[in-house]
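Student: 3D model of this:
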Amino acid sequence: MRYEGWQEDVLAEEAEAGSLSRLDLLRAAAVGGAALAGSGALADRALGAAAQKPKRGGRLRVAHVGAGKSESFNPGRGSNFIDASRYYNMYDPLVRVRPDLTSGPGLALQWIPNKDSTTWLVKLRPDVEFHNGKSFTAEDVIYTLRSMGDKKHVALSSVGGIRLGELKKDGKLGLRIPLRSSNARLFDNFNVQGSVVIPAGLKDFSKPVGTGPFSFKSFTPGQRSLCVRNPNYWENGKPYVDEWEDISIDDNTARVNALVAGQVDLISQMDPRLARAQLQRKQVQVLVAPSSSIQVFLMAIDLAPFQDVRVRKAFKLIPDRKALIDGALAGFATPGNDLAGRGLPFWLDKPVPKRDPERAKALLKAAGAENLTVTLQTSNVVPGFIESATLFAQQAKAAGVNVKVKKESASAYFDTSLIYTKMPFAQSFWTVTALGQFYPQSLLSTAVWNETHFKQKSFDKLIQSAIGAPTNALAKKRWAQVQEIQFDQGGYIVWANINLVDGVGKNVRGMKPNPFFNLSGFNYRDCWLV
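Tutor: This is a model prediction of the structure:
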């Protein structure tokens, strides 16, 4: 099958599988936008802005929760939102995620599999230059994919099934990718954070070079970075602004105040309660994107007290998920069913677990864990974390569980060299674009971000068999098996399918809701200032 333009083929496959869930998600987004439009949400205004003529010039100032000295332009190391913002604009991905969550062309124009999807021919975009004037070729993609093979690379899961030593050029702009086993949707592998293309030989990221819409000027980790317009960008005429600045502002209220005061133009991860207030005050625009992103409580299944599956099952019965959403996320979410990927192909639509503290008590008693005390690690790194942790602690008392909430530094929270993936009981956030993206990143034994420490060789094989399923019917069956295991045994409490909520100054145009990531997938190339 030829994937040149992708959308028609992908949607046809989903119809064959009996799943038009991405279209459903679009409908939900449209309904959500209409419902909020009268209160000042950006959903309808942004779409209308397409008819306006973009204006050139100015500096686009974007504020995020910072990550301290760990902030980086290295796409292999950065796992925070401010890092993602930087590398999605300094570099380009092979694949872009469209607003309906289908895969579209980035630096790769075509994905052509052989008969059993064990080798793919990828045809690359012509006439693309790096910021230093070097032409983009297949050699750069080969170097990038091999760099992703580093066990510490955040996009390691993208290349886990690739025979990296056997990558071959097919002309200047062609690449043959041999796989260890079949993968009928290899392009979905490159929807993950960090899977952007770097030039062959790049090792020093203190002065990074990419093909993206902006080129590097200066950077002070933990404070700010400044980049300038790439005049030779392959999307003709873009970007519209002359400069783009990312600024670290950890405090949620301070970020909103900076936006209201005109000190910044965009803020990512707007505190839901502050967003709800702004829908009434209308001092700034609120960008709301219904998505398949999730907030979770995570339990490391190899650490006390969560080695016992009865304890894990008990904890899944503790939360009143709707109350958490109303109290911590100001209603900007729907209850989760402990499985990632709501609305995506092959997601298993299990009932949302109901709060049952008495049943939780019985399970804990059977596990010898009565009157349990646990520490829940959290941070202000994601809006709603601390509030939902506090509410969970209150709800846990009914099950006889004493939860101590411990606030961690935002700069350390998602840093794997510090505390991330080492916490027994904590919180996390995921952007989920495909099951074949989420599970290799989080639940393979070798996954860089295996937060719950779920490591079973048989489960690894089942994930790989689901990814490589040659038909939608078989993929649906295998993904159901994967998800049943996680639902019954896993360490995730997926309590919320969240809306992405950001703040946009009244002087900004061109920013549209996108369920892929905050701030329209950190898409600054389409923004302009008035």
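Student: now V154, nearest residue through space, not along the chain?
Tutor: Spatially, and ignoring its direct neighbours in sequence, V154 is nearest to G194 (3.9 Å; CB to CB, 6 or more residues apart in numbering). Where you see a C-beta, it was placed from the backbone N, CA and C, and this is true even at glycine.
Student: ok, how many other residues are close to the one you found?
Tutor: 26 (other CB atoms under 10 Å).
Student: Give me the pLDDT value at it.
Tutor: G194 is assigned 88 on the pLDDT scale.
Student: tell me which element the closest residue to P513 other than its chain neighbours falls in.
Tutor: Here the nearest residue to P513 in space, its sequence neighbours aside, is A289; by CB to CB, 6+ apart that works out to 3.7 Å. Here A289 sits within strand 285-299, counting by DSSP states H and E.
Student: Just the angle for the helix or strand just after that strand relative to strand 285-299, thanks.
Tutor: Counting by DSSP H and E, the next helix or strand C-terminal to strand 285-299 is helix 309-316. On the basis of axes from the mean of the first three to the mean of the last three CA atoms, to 10 degrees, helix 309-316 is oriented at 150 degrees to strand 285-299.
Student: Give me the contacts around helix 309-316.
Tutor: 297, 299, 301, 305-306, 338, 353, 359-361, 363-364, 366-367, 369, 372, 399, 401, 488-491, 493 (CB atoms under 8 Å, 6 or more residues apart in numbering).
Student: V403: what secondary structure?
Tutor: Following DSSP: H, G, I helix; E, B strand; the rest coil, V403 is assigned to strand.
Student: and it, how many residues sit next to it?
Tutor: When neighbours are counted by other CB under 10 Å, V403 registers 22.
Student: now it: how far from K397?
Tutor: 8 Å (CB to CB, to the nearest Å).
Student: could you give me the average pLDDT of the strand holding A289?
Tutor: For strand 285-299, mean pLDDT rounds to 95.
Student: other SSEs contacting that strand?
Tutor: helix 21-37, helix 43-48, helix 272-281, helix 309-316, helix 385-396, strand 425-430, strand 492-504, helix 518-522 (3 or more CB pairs under 8 Å, 6 or more residues apart in numbering; DSSP states H and E).
Student: Turn these into TSV, columns for mean neighbour count.
Tutor: TSV is the format used below for the helices and strands packed on strand 285-299 (neighbours: other CB atoms under 10 Å):
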stretch	mean neighbour count
helix 21-37	16
helix 43-48	17
helix 272-281	18
helix 309-316	22
helix 385-396	20
strand 425-430	23
strand 492-504	26
helix 518-522	24
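Student: follow-up on the earlier one: tell me the angle the strand holding A289 makes with helix 272-281.
Tutor: 160 degrees.
Student: Convert the C-alpha atoms of strand 285-299 to CSV, please.
Tutor: Taking only C-alpha atoms (Å, rounded to 0.1, in the frame of the first residue of the first chain), the coordinates of strand 285-299 have been written out as CSV:
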residue,chain,number,x,y,z
GLN,A,285,-8.1,33.5,24.4
VAL,A,286,-8.4,30.0,25.7
LEU,A,287,-7.4,27.2,23.3
VAL,A,288,-9.2,23.9,24.1
ALA,A,289,-8.5,20.7,22.2
PRO,A,290,-10.3,17.5,23.1
SER,A,291,-7.7,14.8,22.9
SER,A,292,-6.7,11.2,23.6
SER,A,293,-4.1,12.5,26.1
ILE,A,294,-4.3,11.1,29.6
GLN,A,295,-3.5,11.8,33.2
VAL,A,296,-2.7,8.8,35.3
PHE,A,297,-1.7,7.6,38.7
LEU,A,298,1.1,5.1,38.3
MET,A,299,2.1,2.2,40.5
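Student: what is the orientation angle of that strand with helix 385-396?
Tutor: 50 degrees.
Student: Show me how far strand 285-299 is from its chain's centre.
Tutor: Centroid separation between strand 285-299 and its chain, computed with CA atoms, centre = their mean, to the nearest Å, is 9 Å.
Student: Also stretch 66-73?
Tutor: Here stretch 66-73 shows a centroid-to-chain-centroid distance of 18 Å under the convention CA atoms, centre = their mean.
Student: so where's the protein uncertain?
Tutor: 1-51 (pLDDT under 70).
Student: Just give me the residue closest to the centre of it.
Tutor: T431 (2.6 Å; CA atoms, centre = their mean).
Student: wait, what's in contact with it?
Tutor: T431 neighbours (CB under 8 Å, 6+ apart): Q193, S291, S293, F516, F517.
Student: Between all of those residues, which two are separated the most?
Tutor: Using CB to CB, the pair of the contacts of T431 lying farthest apart is Q193 and S291, separated by 14.5 Å.
Student: If you count surrounding residues, which of the two has more?
Tutor: S291 (26 against 23).
Student: Check the spacing between that one and T390 real quick.
Tutor: Here the criterion is CB to CB. By it, S291 lies 24 Å from T390.
Student: what does G400 give?
Tutor: According to CB to CB, G400 stands 18 Å off from T390.
Student: same question, F522
Tutor: Counting by CB to CB - F522 and T390 are separated by 29 Å.
Student: How about R180?
Tutor: To T390, R180 is 45 Å away according to CB to CB.
Student: Then R355?
Tutor: Distance from R355 to T390, by CB to CB: 17 Å.
Student: same check, this time on K512
Tutor: As judged by CB to CB, K512 and T390 stand 34 Å apart.
Student: residues near A362, how many?
Tutor: The number of residues packed near A362 is 15, by other CB under 10 Å.
Student: tell me which residues of the strand or helix carrying it are tucked away?
Tutor: According to DSSP H and E, A362 maps onto helix 357-366. Neighbour counts over helix 357-366 (16 or more other CB atoms under 10 Å) mark P357, A360, K361, L363, L364 as buried.
Student: Just give me the closest of those residues to A473.
Tutor: Nearest member of the buried residues of helix 357-366 to A473, counting by CB to CB, is L363, at 35.8 Å.
Student: so what's the closest one up against?
Tutor: Going by CB under 8 Å, 6+ apart, the list of residues near L363 reads R310, V311, K313, A314, L317.
Student: What distance do you get for the spatially closest residue to L364 that is not a sequence neighbour to G491?
Tutor: Distances taken as CB to CB, 6+ apart put A314 closest to L364, at 4.9 Å, once the chain neighbours are dropped. A314 is 13 Å from G491, where distance means CB to CB.
Student: I112 now?
Tutor: From I112 to G491 the distance is 39 Å (CB to CB).
Student: Those two: which has the busier surroundings?
Tutor: G491 (26 against 15).
Student: ok, the more buried one - contacts?
Tutor: Counting by CB under 8 Å, 6+ apart, G491 touches L298, M299, A300, I301, F306, R312, E451, T452, H453, F454.
Student: Of those residues, which is the nearest to Q223?
Tutor: Relative to Q223, the closest of the contacts of G491 is E451; by CB to CB it sits at 28.5 Å.
Student: Just to check, that closest one is in contact with D302?
Tutor: No: counting by CB atoms under 8 Å, D302 is not a contact partner of E451; they are 11.8 Å apart.
Student: thinking I162 is in contact with T144, fair?
Tutor: No: applying CB under 8 Å, one finds I162 not in contact with T144, separated by 11.6 Å.
Student: More neighbours: those two, which one.
Tutor: Neighbour comparison, I162 and T144: the larger count goes to T144, with 24 against 21 (by other CB under 10 Å).
Student: List phi and psi for that one.
Tutor: The phi and psi values for T144, taken as degrees, to the nearest 10, are phi -60, psi -50.
Student: Tell me what the residue nearest to it when sequence neighbours are not counted is bridged to.
Tutor: The shortest distance from T144 to any non-neighbouring residue, by CB to CB, 6+ apart, is to V197 (4.9 Å). When assigned by DSSP bridges, V197 has beta-bridge partners D92.
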